[in-house]
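Colleague: Have a look at this prediction, sequence included:
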Amino acid sequence: MLKAAVLVLCLWVFCAPASIAQAAADDVPEANPARPTVATPATLTPIGYLQFENGTLYATGSQDFSGRFAINQVTKLTVHPRLQFLVQSEPFVHSGLGADKEINPGDVLAGFQAVLLPGHNARPTIAVSYFKHVYAGSAPDIDIGTPEHSVILLISEDLAGFHFDLNGMFNEQTDKPFRRGQFGQTISISHPLKKFTIAAELWHFTQPFLQGNAVGNLWAISYPMKKNLVVDAGLNRGLTSTSTQWEGFAGFTYVLPHRLWKANERSQTGK
């Protein structure tokens with residue numbers, strides 16, 4: 001009897017830490033990055049967890065600047081299987097045109113994303129988002145500008161081992177006292193390569209005040225350090241004379257591993 005008790009105790013000592021560690025790993029939410037592509041996935045972040053998408057971007061070869069270095073940040077919180085709130089900002093922008101250099105804050109936008117049709121089997125996920133310009137920074141914009149209002153149609157689907165994100169943008173651009181409509185389209189295609197993910201993207205935006213078009217080709221790579229932490233880097237090449245010619249970027253997506261409120265089975269299923 002004593003030998004059996006000792007055996008059970010030894011098994012518990014050696015097996016319990018592994019099972020506890022496995023349970024803790026299973027409780028960690030999985031990040032759903034939108035960066036570093038222009039396109040945003042139609043799917044939402046884990047419910048009840050804050051997701052932070054932080055990065056740096058260096059751009060050169062623009063009509064408004066010779067060089068521009070910015071820190072960008074997006075905070076997301078999904079409160080329901082079909083509803084997510086977002087805040088997007090550039091707290092620091094260092095830009096220059098020739099010998100003139102300046103440091104300014106960038107713009108701040110706030111909005112939401114709502115899933116209209118959840119994906120299932122061969123059916124894609126379809127969502128819509130809205131952003132409002134809530135703070136006008138004094139830093140120069142890149143080629144696509146900053147919208148006063150933005151409505152985006154988002155479609156995401158997995159097909160033949162590839163992931164597709166398609167966005168259609170309907171923006172209002174302002175140059176006081178004038179207002180103009182801007183339209184954009186982007187398609188991003190990604191594919192896993194071992195633990196890495198390679199993404200390629202082609203995007204287009206009209207430039208209503210320049211009477212031109214900004215077009216770019218983006219390539220990026222990302223790697224999951226953990227379930228809730230994904231790092232990324234990439235390059236974007238402008239393809240028209242009014243596009244920012246080169247952009248290089250790097251950053252990370254991190255999901256805070258602590259839920260802001262107690263999980264509810266009904267809220268998780270959306271019923």
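Modeller: Arrived safely. Numbers count the residues shown, from 1 in each chain.
Colleague: how about low-confidence regions in this protein?
Modeller: Flagging of the chain using pLDDT under 70 yields the residue ranges 1-26, 264-271.
Colleague: What segments of it are helices?
Modeller: Assigned by DSSP state H, the chain shows helices spanning 2-27, 265-269.
Colleague: What residues are bridge-paired with residue 132?
Modeller: Per DSSP bridges, the residues bridged to residue 132 are residue 110, residue 149.
Colleague: my guess is it contacts residue 107, does it?
Modeller: No: counting by C-beta atoms under 8 Å, residue 107 is not a contact partner of residue 132; they are 11.1 Å apart. Using the backbone N, CA and C atoms, a C-beta is placed for each residue, glycine as well.
Colleague: Out of those two, name the residue with the larger neighbour count.
Modeller: It is residue 107, of residue 132 and residue 107, that has more neighbours when counted by other C-beta atoms under 10 Å, with 19 against 13.
Colleague: what about that one, distance to residue 150?
Modeller: Using C-beta to C-beta, to the nearest Å, residue 107 is found at 12 Å from residue 150.
Colleague: Okay, strands next: where are they in the chain?
Modeller: For the chain, the strands defined by DSSP state E cover 50-60, 67-80, 83-97, 100-104, 108-117, 125-135, 149-159, 162-175, 178-193, 196-207, 212-226, 229-238, 246-255.
Colleague: Let me see the contact set for residue 198.
Modeller: 190-192, 219-221 (C-beta atoms under 8 Å, 6 or more residues apart in numbering).
Colleague: Give me the residue at the spatial middle of this structure.
Modeller: For the chain, residue 34 is the residue whose C-alpha lies nearest the centre (C-alpha atoms, centre = their mean; 2.3 Å).
Colleague: so how many other residues sit close to the closest residue to that one other than its chain neighbours?
Modeller: Leaving aside its sequence neighbours, residue 34 sits nearest to residue 40 (C-beta to C-beta, 6 or more residues apart in numbering; 4.5 Å). Applying other C-beta under 10 Å, we find 22 residues neighbouring residue 40.
Colleague: list the contacts for the residue nearest to residue 112 when sequence neighbours are not counted?
Modeller: Once flanking residues are discounted, residue 112 sits nearest to residue 85: 5.2 Å by C-beta to C-beta, 6+ apart. Residues near residue 85 by C-beta under 8 Å, 6+ apart: 76-79, 110-112.
Colleague: Please apply the same query to residue 239.
Modeller: Counted by C-beta under 8 Å, 6+ apart, residue 239 has contacts 215-217.
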